[in-house]
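Trainee: Build the 3D model from these lines:
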Amino acid sequence: MPDDIIVVSTDFVPGAEIEEVLGLVWGSSIKAKHVGKDFKMSLKHLVGGELSDYTEMLEESRKTALNRMLEKAKALGADAVINVRFMTSAVMSGAAEILVYGTAVKLKKA
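Mentor: Just a heads-up that it's a prediction; the model follows:
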């Protein structure tokens, strides 16, 4: 993940002024459930508790989507991405998409 880009869920960067809005950037990742893990998780669902394999799968998907968004922001020359939001949706039975999006901006230099 490019660590030189600031990422915030607010419409501003504290202590900085936005010089230019570069545009909307996004990244997505679609992951499908593994049949073996799906069976294991369905058994876990019967007795209760966290479905840790799914938690892990979605965490990995969020990181991938965030990295893809930040690469697009970096390509635009952004210093920050503001108003960052995550969304998830089922794209087909057994597969989920994670979408992350925000506004790439250039910050005024002090």
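Trainee: a strand runs through Lys74, doesn't it?
Mentor: No - assigned with DSSP: H, G, I helix; E, B strand; the rest coil, Lys74 falls outside any strand and is helix.
Trainee: What confidence value was assigned to it?
Mentor: For Lys74, the model assigns a pLDDT of 97.
Trainee: which stretches of the protein have low pLDDT?
Mentor: 1-3, 33-53, 93-94 (pLDDT under 70).
Trainee: hey, where'd the helices end up in it?
Mentor: Taking DSSP state H as the test, the helices found in the chain are 35-47, 52-76.
Trainee: Mind giving me the packing neighbours of the last one?
Mentor: Just to be clear, that refers to helix 52-76. The helices and strands touching helix 52-76, judged by 3 or more C-beta pairs under 8 Å, 6 or more residues apart in numbering; DSSP states H and E, are strand 18-32, helix 35-47, strand 80-92, strand 95-107. Heads up, the C-betas are built off the backbone N, CA and C, glycines and all.
Trainee: Can you mark which positions in the last one are buried?
Mentor: So the one you mean is strand 95-107. Residues Ala96, Glu97, Ile98, Leu99, Val100, Tyr101, Gly102, Thr103, Ala104, Val105, Leu107 are the ones in strand 95-107 that count as buried (16 or more other C-beta atoms under 10 Å).
Trainee: cool, stretch 63-70 as well?
Mentor: Counting neighbours by 16+ other C-beta under 10 Å, stretch 63-70 gives Thr64, Ala65, Leu66, Arg68, Met69, Leu70 as buried.
Trainee: hang on, the earlier thing: pull the most distant pair out of the buried residues of strand 95-107.
Mentor: Ala96 and Leu107 (33.8 Å; C-beta to C-beta).
Trainee: and Lys109, how many neighbours?
Mentor: Using other C-beta atoms under 10 Å, Lys109 is surrounded by 8 other residues.
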